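In: can you look at this prediction? I've put the sequence above it.
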Amino acid sequence: MNDFVKKAVFELEKLSSTPKGEHLRTGEIRKLSARLFRELNKKSKEIVFPICESLLEQHNWPMSVIAYDFAYRIKNQYDNDTFYLFESWLVKYIRGWGSCDDFCTHAFGELITQNTGLVKNIIPWTAREEFWMRRAAAVVLIPSIRCNKYMETNPTQVSDLLMQDTEELVLKGYGWMLKVLSTKAPDMVYDYLKKNKFIMPRVAFRYALEKMDRERKNELLGL
């Protein structure tokens with residue numbers, strides 16, 4: 001365990017000394033992460049990414065929050081090779097939907113937003129055995145959708161591939177992606193949902209239309 005990880009462990013232990021019955025909150029960890037990042041003398045990706053990896057190797061939720069936060073803070077240093085590093089973290093360290101969403105809607109999603117050409121590399125995730133990889137294929141597109149780059153990333157291609165997934169968390173993941181898309185391209189999502197109404201699992205369908213206007217929502221539910 002390197003010195004930085006030891007320091008993070010020490011600070012988290014202090015932070016965890018809360019009154020009985022209270023739980024450590026994500027916001028508190030992010031505040032700690034901001035302070036720890038400020039204290040770094042050097043903030044190049046050659047320094048920060050290995051620190052992130054060391055934190056992730058602890059397989060500890062608060063450590064992962066700090067790791068993904070650090071990775072996001074150096075977003076101006078991302079390049080094409082960053083994709084393969086981030087993908088390796090997704091494979092090696094993520095095992096649930098919470099960490100998947102944290103990583104993919106911040107650092108990893110920012111990378112795709114910066115270089116939408118990388119979206120071709122996420123398509124194979126839709127066929128992965130691990131459910132969090134399949135969920136990630138949809139969730140990682142949310143930041144680029146919010147930045148109006150959905151025509152470049154073609155999110156409906158991912159939802160087509162995940163349409164009949166057997167894992168509810170994957171269905172909710174691409175349903176969430178479509179919901180965000182509906183705030184940017186409501187006609188596109190309306191037409192997509194109308195076309196796929198009878199083949200899209202109910203949980204994904206309902207997630208996708210949450211942000212639709214009432215008239216369209218009622219129409220789609222009544223089809």
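Out: It's in.

In: ok, Ile178 to Met151 distance?
Out: For the record, residue 178 is Leu, not Ile. 15 Å (C-beta to C-beta, to the nearest Å). Placement of C-beta: from N, CA and C, glycine included.

In: between the two, who's got more neighbours?
Out: The residue with more neighbours, out of Leu178 and Met151, is Leu178; 28 against 11, by other C-beta atoms under 10 Å.

In: contact partners for the more buried one?
Out: Taking C-beta atoms under 8 Å, 6 or more residues apart in numbering, we find Leu178 in contact with 155-156, 159, 189, 192-193, 204, 207-208.

In: in helices, which of those appear?
Out: Among the contacts of Leu178, the members falling in helices (DSSP state H) are 155-156, 159, 189, 192-193, 204, 207-208.

In: quick one: contacts of the helix or strand of the chain with the lowest mean pLDDT?
Out: Least confident helix or strand, the chain: helix 3-15 with a mean of 85, by mean pLDDT, DSSP states H and E. If you take C-beta under 8 Å, 6+ apart as the criterion, helix 3-15 is touched by 1, 24, 28-29, 32, 36, 51, 54-55, 58, 62-63, 66.

In: determine which two of these are furthest apart.
Out: The span of the contacts of helix 3-15, defined through C-beta to C-beta, is set by Met1 and Glu28 at 22.4 Å.

In: these two: who's more crowded?
Out: Remark: of Met1 and Glu28, Glu28 carries more neighbours, 16 against 10, as counted by other C-beta under 10 Å.

In: Met163 and Asn196 touch, don't they?
Out: Yes: counting by C-beta atoms under 8 Å, Met163 does reach Asn196; the two are 7.0 Å apart.

In: top helix in this structure by residue count?
Out: Per DSSP H, the chain has its longest helix at helix 168-184.

In: list the contacts for the most centrally placed residue in the chain?
Out: The centroid of the chain falls nearest to Cys104 when counting by C-alpha atoms, centre = their mean (2.1 Å). Counting by C-beta under 8 Å, 6+ apart, Cys104 touches 90, 136, 139-140, 142.

In: what about 6 Å?
Out: When contacts are counted by C-beta atoms under 6 Å, 6 or more residues apart in numbering, Cys104 touches 136, 139-140.

In: and those residues, which are buried?
Out: Listed as buried from those are 136, 139-140; burial here means 16 or more other C-beta atoms under 10 Å.

In: Serialize those residues to TSV and add fields for distance to Asn76.
Out: Formatted as TSV, the buried ones among the contacts of Cys104 follow (distance: C-beta to C-beta, whole Å):
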residue	distance to Asn76
Ala136	23
Val139	23
Val140	19
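
In: so which of the residues you listed sit within helices?
Out: 136, 139.

In: closest one of the buried ones among the contacts of Cys104 to Asp79?
Out: For these, the residue nearest Asp79 by C-beta to C-beta is Val140; the value is 17.3 Å.

In: surely that closest one meets Phe108?
Out: Yes: counting by C-beta atoms under 6 Å, Val140 does reach Phe108; the two are 5.2 Å apart.

In: can you select the buried ones from the contacts of helix 3-15 in PyMOL?
Out: A single PyMOL command selects the buried members of the contacts of helix 3-15 (16+ other C-beta under 10 Å):
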select buried, resi 24+28+29+32+36+51+54+55+58+62+63+66
